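Peer 1: Next come a sequence and a model predicted from it.
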Amino acid sequence: MSIEIKVPNLPESVSEATVANWYRKAGESVKRDENLVDLETDKVMLEVPAVTDGTLKEIRIKAGATVKAGEVIGVIEEGATAAVSPAAGKAVEKSVEKTAVHGKRSSAEVAVPATAGDGHVDAEAQSPAVRKLLAELDLLAADIPATGKGGRLTREDVIAYAEHRKRSADASGQPAVAEIEKLGAPAPVHAGAREEQRVPMTRIRARIAERLKDAQNTAAMLTTFNEVDLGAVSDIRARHKTAFEKATGVKLGFMSFFVKAAVEALKKYPVVNASIDGSDIVFHGYYDIGIAVSSERGLVVPILRDADLKSFAEVEKAIAEFGNRARTSKLTLDDLTGGTFSITNGGVFGSMLSTPILNPPQGAILGMHGITERAVVVDGQVVVRPMMYLALTYDHRLIDGRDAVLFLRHIKEALEDPARLLLEF
C-alpha cells in the first residue's frame, strides 16, 4: 500500500516552506517515526517523520523547492523493505579505500561501527547523508557526540565536530583536516582572481532582514550606555561554581545574573517591559525574556518564560537547552513567539561595544559585551577591575530617556552588589 508524504500544517502566519534535506533516497528502507525530510520556514525547521515502516518509493519534491501545507512531497510503500542502500555501500567502500590509502585505521573499524549497546552511536542507524559525510571526511560516528532524536547523529553534529578539529589543528600549527564541502564555502582561488559566488538567501535570513528593517522603519530607536564592574559576580562564580555544578548539573554562567538583574529592573520600571499596539501601550504583568542565540541558520531569540519565577539553575539550564536546540534546528515556533524584553551577548564573540536593534514589538533590548580588565578609580585609588560595557536600545516613542538611563543604572547596581538579587530590590 502506498502512503503519501505530505507537508504538515505550517505555523500561523507561515504560508510556505522550503525542502531543506531529504535523509533517505528513493528505494531505501524507512522506519516509523524516523525523520525523512526537513522543511525550512522563515521561523523554524520542521521535521516530517515516516508514518509507517516501509520503503521510500518516490521523492516528488527535491531539496531547494518551495512547498505549501498539504502538498505531496513523496511516497512510502508500506511494509516493503530494501537492502542496504547503494549510497551507504559506496560511502563505506569510499571510507575503506581512503583508509587503505592513508593507513589511518583498519577496514574493520570502518565497516563495523560501534553499536548503541556499548554506549556509542550506531552508524547504521544514521541517515545516508550523514554516512556519506562521515566517509567523505574520514570520521568515525563513534567519535562524535550525537544530539539528534533518539541519539541519532545529525549532519550538524558531523560538521561541528569537523570544524572543531580544524580549529584545533589550525591553533596547534598542525595540518588541517579535510575541507568540508557541504558548508558551501567558496573553493580556494588563485591570487588575483576576481570570482564571485551567488547563493539564494535562506528563509530565516530573509525573515531576519525583514524584521530588522521593520524595526528601523517603525521604532524611534535610541541607545544609552553604561559600564559595570563584574568583580563581585566573578568572585561569586569562582567560589561556588564547582558546588553549583555538582548540585544542579549545570554550569554557573554570567547570563543568569543578567537575567535576574534585568527582571528586577523591569519590575521597578515597568514601561521598559511594555510594548506598543497601535495607539495603545500594553503593560505586561509577566517577564518573558528573549535570549539571543547564534546558530548556523542565523540569529534566533528563544523566550525564557516567567523568568522571575526561575532559579539561577533553571535559567542556566534553559539557556543551555536553547543553545543546543538552536544548533540542531530543534527550536519550535512556540519557543520563538512572544517575549517582553530581550538580552543579547556580543561579548562571546569579542565585541567591545554595540547598539543592538530592537526585537519588535518589544520596547527595549539589553546588549552585553566583552569583559575586559581595565584601570578604574575606586575610593580614590586606581585599581584593575573586570569591566563590561552595557548598551540599552529602546523605543523612544514608548520609553523616555530618564527611565532608560535609570533602568540601565539599576542593572549596573544589582550586578555590582549581587546580594540585591537575593533580596529582590
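Peer 2: Received it, and whenever you're ready, just let me know what you need.

Peer 1: Low-confidence stretches in the chain?
Peer 2: 12-13, 43, 80-129, 132, 149-151, 167-192, 425 (pLDDT under 70).

Peer 1: Quickly note the distance from the most far-flung residue of it relative to its centre to L230.
Peer 2: The centre of the chain is farthest from one residue, G380, which by Cα atoms, centre = their mean lies 44.4 Å away. According to Cβ to Cβ, to the nearest Å, G380 and L230 sit 21 Å apart. Using the backbone N, CA and C atoms, a C-beta is placed for each residue, glycine as well.

Peer 1: repeat for V30
Peer 2: 52 Å.

Peer 1: quick one, which of these two is more surrounded?
Peer 2: Just comparing V30 and L230: by other Cβ atoms under 10 Å the higher neighbour count belongs to V30, 26 against 20.

Peer 1: Tell me how many other residues crowd the spatially closest residue to that one that is not a sequence neighbour.
Peer 2: Excluding its sequence neighbours, the residue lying closest to V30 (Cβ to Cβ, 6 or more residues apart in numbering) is A50, at 4.5 Å. Using other Cβ under 10 Å, A50 has 23 other residues around it.

Peer 1: ok, now which ones touch A50?
Peer 2: 5, 30-34, 36, 76 (Cβ atoms under 8 Å, 6 or more residues apart in numbering).

Peer 1: again, but for E47
Peer 2: So E47 contacts 35, 37-39, 149 (Cβ under 8 Å, 6+ apart).

Peer 1: Show me what it is bridged to.
Peer 2: D38 (DSSP bridges).

Peer 1: Can you tell me how far it is from A313?
Peer 2: 30 Å.

Peer 1: Check L212 too.
Peer 2: Distance from L212 to A313, by Cβ to Cβ: 33 Å.

Peer 1: Equivalent analysis for L366, please.
Peer 2: Distance from L366 to A313, by Cβ to Cβ: 22 Å.

Peer 1: more crowded one of the two?
Peer 2: L366 (25 against 17).

Peer 1: Can you tell me the SS state at the closest residue to that one other than its chain neighbours?
Peer 2: The shortest distance from L366 to any non-neighbouring residue, by Cβ to Cβ, 6+ apart, is to I343 (4.8 Å). Assigned with DSSP: H, G, I helix; E, B strand; the rest coil, I343 falls in the strand class.

Peer 1: likewise F244?
Peer 2: F244 - assigned by three-state DSSP - is helix.

Peer 1: which residues does it contact?
Peer 2: Contact analysis of F244 by Cβ under 8 Å, 6+ apart lists 250-252, 312-313.

Peer 1: what about 10 Å?
Peer 2: Contact partners of F244, counting by Cβ atoms under 10 Å, 6 or more residues apart in numbering, are 236-237, 250-252, 312-313, 316.

Peer 1: how near is it to L415?
Peer 2: According to Cβ to Cβ, F244 stands 18 Å off from L415.

Peer 1: and what of A274?
Peer 2: 23 Å.

Peer 1: ok, now A238?
Peer 2: Applying Cβ to Cβ to A238 and L415 gives a distance of 15 Å.

Peer 1: between those two, which one's more packed in?
Peer 2: Set side by side, A238 and L415 show more neighbours around L415, with 23 against 10, by other Cβ under 10 Å.

Peer 1: Please, where are all the strands along the stretch 301-425 of the chain?
Peer 2: With strands called from DSSP state E, counting those that start in this stretch, the stretch 301-425 of the chain shows them at 303-304, 341-345, 364-368, 371-378, 381-395.

Peer 1: Out of these, which one sits most buried?
Peer 2: strand 364-368 (a mean of 25; mean count of other Cβ atoms under 10 Å).

Peer 1: how about the residue sitting nearest the centre point of the chain, what does it touch?
Peer 2: Residue closest to the average C-alpha location in the chain (Cα atoms, centre = their mean): A326, at 2.6 Å. By Cβ under 10 Å, 6+ apart, the contact list for A326 reads 291-302, 335-336.

Peer 1: One more: K267?
Peer 2: So K267 contacts 273, 287, 308, 410, 424-425 (Cβ under 10 Å, 6+ apart).

Peer 1: Now which of the residues you listed would you call buried?
Peer 2: 273, 287, 308, 410 (16 or more other Cβ atoms under 10 Å).

Peer 1: Among those, which lie within helices?
Peer 2: H410 (DSSP state H).

Peer 1: any chance of the buried ones among the contacts of K267 in TSV, plus distance to I144?
Peer 2: Compiled in TSV, these are given as follows (distance: Cβ to Cβ, whole Å):
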residue	distance to I144
N273	42
Y287	38
D308	39
H410	45
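
Peer 1: In a markdown table: the contacts of A326, plus secondary structure, distance to Q216 and neighbour count.
Peer 2: Output for the contacts of A326, formatted as a markdown table (DSSP: H, G, I helix; E, B strand; the rest coil; distance: Cβ to Cβ, whole Å; neighbours: other Cβ atoms under 10 Å):
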| residue | secondary structure | distance to Q216 | neighbour count |
| --- | --- | --- | --- |
| I291 | strand | 22 | 24 |
| A292 | coil | 17 | 20 |
| V293 | strand | 22 | 19 |
| S294 | strand | 21 | 16 |
| S295 | strand | 23 | 18 |
| E296 | coil | 25 | 13 |
| R297 | coil | 22 | 20 |
| G298 | strand | 17 | 15 |
| L299 | strand | 16 | 15 |
| V300 | strand | 19 | 22 |
| V301 | coil | 17 | 23 |
| P302 | coil | 23 | 24 |
| D335 | helix | 25 | 20 |
| L336 | helix | 20 | 17 |
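
Peer 1: Of the residues you listed, just say which sits nearest to R155.
Peer 2: Nearest to R155 out of the contacts of A326 is E296 (Cβ to Cβ; 10.5 Å).
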